[in-house]
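A.B. asks: need coordinates for the following:
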Amino acid sequence: MRQAAEYAVEFYTHLSERIEAIERMSLKKDIRDRANRLMKLDGAITERCEDKIGTMLADALDTIWQTAVKINQMADSVDQPFMLFVVDMGKYGKSTLINSLVGSRVADMGVLPKTWKIDIFTATRPQGSVLIKERSGRERQVSVEAAKEILAQEEKKYEESRAFINSELKKNLSRLETVEQKMEFRRLLFKRHLYESPISEVHWPCSGSRLLDKFNIIDTPGLFQELLSEGIQASLRDYYHKADGVLWLLDATKNSAKTPREMLDELDKALNEVGGRTDNIVAVLNRMDVIGDEPEVRKKVLDEAYWIFGGCFRQIVPFSARLALEAVEKGDSDLKKISGLDDLLQAIDTHFSSRAIRLRKESKVVGVKGYLKDAAIVCNQYCMRLEYDEGRREDLQQELTGKIYDFRDKFAKQAKDLLGTYRGNGITKY
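C.D. replies: Residues are numbered from 1 along each chain as shown. Got it, this is the predicted structure:
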């Protein structure tokens, strides 16, 4: 009887794995088909236009191609571990949280990235080997030291471009009369001179955390808009499209500092930046250690968080990233429990591990739609500009035709008057 039960469990496990593999293969094929359609569209338009591609059309075609590359990269990620993104709206302790989850200090704490990239901490990389992916689809494998040097150079290029833009703004703003002119000049400077790193992902090798057996932990720049460049802001939704699940950091100390309306407005703005999805997000209410140890106070803060944000997240977990990292580094199981790390790991297991297959499929479908929607916005803007320019061309053509007719009539009248004068003077041979 026991042997039969073991066979049944083994058969069920094998069948589940087979079904999951088939679903993964089917999903991957569907995603690649959409990418291939975009690439064919890009090629067809390019061939039709031959060498007459204008600047606006070139930008639209570049968007179509880049969207196809992103969708292809999403297809590749189907075979990767579950993509668990960590997101916040400021310096809320995101890097400390990541370090506590990974089990070592892999994420820089207290550093706000300036070039837009995501850092992926994974157990699938060989030790000492970092994979760098670019938006063009190019990939390269380098050592950890080389990767840090490459990223430092990218940061330097970004800083130099910002310095140049600020210098040009100071030199030229005084000669511009209206606010609109100043805003347009600023926009053009950013578009032409702000350095945009080609690097989109950096995959760092990690080990020592059981969580990494099932998940890739993804570190993203915060959503503190005032500190981000236009290029980073524009890319927020792009990278959120890749997320299978999200840990969204909140600050427990902010509940009493701001009104519920202000906090909801901030959250709504941030969610809109990344697509507005909340069905795969667990909130982490960080800095509970600052609130204190009194149960009544902690319960009040958590209740307030649920009252404000309850409908936005699947669960809100009270947490102290500082204590969690200390517990992991010391191997202190009691401190680990006090920090909320045990509860967070349980929430991850409940909301992500047990629903991983369905969540991944849903997230990829939504992600592809998001990419296509973003590309459609750019293409629609191009089409609207074409319609506007065509309308303007027709107006100018009508105006020109009217002037030609006026000139013809005026010339005919002058010619008639001149002939009449000649005839009146006895000159008739003409």
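
A.B. asks: show me where this structure has helices.
C.D. replies: Using DSSP state H, the helices of the chain run over 2-49, 55-77, 94-102, 144-172, 179-193, 230-240, 260-273, 288-291, 295-309, 321-330, 333-339, 341-348, 356-424.

A.B. asks: in contact with the nearest residue to Pro205 once chain neighbours are set aside, which residues?
C.D. replies: Using CB to CB, 6 or more residues apart in numbering and skipping the chain neighbours, the partner closest in space to Pro205 is Arg125 (3.7 Å). For the C-beta atoms, the positions are set from N, CA and C on the backbone; glycine is no exception. Applying CB atoms under 8 Å, 6 or more residues apart in numbering to Arg125 gives the contacts Leu131, His203, Trp204, Pro205, Cys206.

A.B. asks: report pLDDT for Arg125.
C.D. replies: Here, the pLDDT recorded for Arg125 equals 90.

A.B. asks: ditto for the one 5 residues further on
C.D. replies: Per-residue pLDDT puts Val130 at 94.

A.B. asks: any idea how far Asp342 is from the closest residue to it other than its chain neighbours?
C.D. replies: Nearest non-adjacent residue to Val130, counting by CB to CB, 6+ apart: Ala147, 3.9 Å away. Distance of Ala147 to Asp342, given as CB to CB, to the nearest Å: 33 Å.

A.B. asks: give me the more crowded residue out of those two.
C.D. replies: Ranked by neighbour count (other CB atoms under 10 Å), Ala147 and Asp342 place Ala147 first, with 20 against 14.

A.B. asks: isn't that one up against Ile132?
C.D. replies: Yes: under the criterion of CB atoms under 8 Å, Ala147 makes contact with Ile132 at 6.4 Å.

A.B. asks: intersection of neighbour lists for these two?
C.D. replies: Val202.

A.B. asks: about what we covered before: distance-wise, check the residue nearest to Pro205 relative to Phe164.
C.D. replies: Applying CB to CB to Arg125 and Phe164 gives a distance of 36 Å.

A.B. asks: over to Ser200?
C.D. replies: 24 Å.

A.B. asks: these two - which one has more neighbours?
C.D. replies: Ser200 (22 against 14).

A.B. asks: grab the nearest non-local neighbour of that one.
C.D. replies: Closest to Ser200 by CB to CB, 6+ apart is Arg135, at 4.8 Å.

A.B. asks: what about that neighbour, how many neighbours?
C.D. replies: Neighbours around Arg135, by other CB under 10 Å: 19.

A.B. asks: correct me, but it touches Lys117?
C.D. replies: No: at 9.9 Å, Arg135 does not count as touching Lys117 under the criterion of CB under 8 Å.

A.B. asks: now for those two: what residues contact both?
C.D. replies: Ile199, Ser200.

A.B. asks: separation between the residue nearest to Pro205 and Val106?
C.D. replies: On the measure of CB to CB, Arg125 and Val106 end up 12 Å apart.

A.B. asks: same question for Asp417.
C.D. replies: Relative to Val106, and taking CB to CB, Asp417 is found at 91 Å.
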